[in-house]
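> Fold the stuff below for me.
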Amino acid sequence: MAMINLARAETPLGEPLMSDSELAVFVSAFQATGFTASINWYRNLDRNWHVLANVNPIIQQPTLMIYGDRDVIPKFEKLTEFVPNSEVVSLECGHWIQQEKPGKTNEVILKWLGQQGS
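Okay, here's the model as predicted:
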């Protein structure tokens, strides 16, 4: 409900996450393809669970998880149970991490990638 209330707010809360030209890229893409396909997987999860029924849910690959400290979606407390080789980094931002903190996001990713070969 918090996200719906934010979307309905008449006065923006804070600074825009992207410029008008950056937003236009997303608008153009969704106008061309729609948004339905993007969410149909989640809509059908109860129907297509069998697709993943025999898949091991544990991700063994080294993984970087970047959270936004102000994200309304809570951090997954059981992350290390399902992704034991994960490193977690939190940035002072909301849900749209790469738009809110592009430089810091790239810095974190490049640092993490640099550590993977050592």
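
> how about the helices of the protein, start to end?
2-8, 20-33, 36-43, 79-82, 97-100, 102-116 (DSSP state H).

> and of those helices, who's closest to I59?
Closest approach to I59 among the helices of the chain is made by helix 79-82 (6.4 Å; CB to CB). Every C-beta, even on glycine, is put in place using the N, C-alpha and C of the backbone.

> Mind listing residues that contact the closest one?
Outside helix 79-82, the residues that touch it by CB atoms under 8 Å, 6 or more residues apart in numbering are P57, I58, I59, M65, S86, V88.

> Quickly name whichever of those residues is closest to M18.
M65 (22.8 Å).

> Next, count neighbours for the closest one.
M65: 14 surrounding residues under other CB atoms under 10 Å.

> ok, so what distance separates the residue lying closest to it once chain neighbours are set aside from A9?
Spatial nearest neighbour of M65, excluding adjacent residues (CB to CB, 6 or more residues apart in numbering): V88 at 5.0 Å. Distance of V88 to A9, computed by CB to CB, to the nearest Å: 30 Å.

> go on, V89?
As judged by CB to CB, V89 and A9 stand 29 Å apart.

> So for the two, which sits in the more crowded spot?
Per other CB under 10 Å, whichever of V89 and A9 has more neighbours is V89, with 15 against 9.

> for the more buried one, what are its contacts?
V89 touches L64, M65, I66, Y67, V108, W112, counting by CB under 8 Å, 6+ apart.

> Out of these, flag the one nearest to A29.
Nearest to A29 among the contacts of V89, with distances taken as CB to CB, is I66, at 22.9 Å.

> Show me what that closest one is bridged to.
V89 (DSSP bridges).

> show me what contacts F76?
Contacts of F76 (CB under 8 Å, 6+ apart): none.

> What of L13?
Per CB under 8 Å, 6+ apart, neighbours of L13: L6.

> Can you read off the backbone torsions of it?
phi -100, psi 100 (degrees, to the nearest 10).
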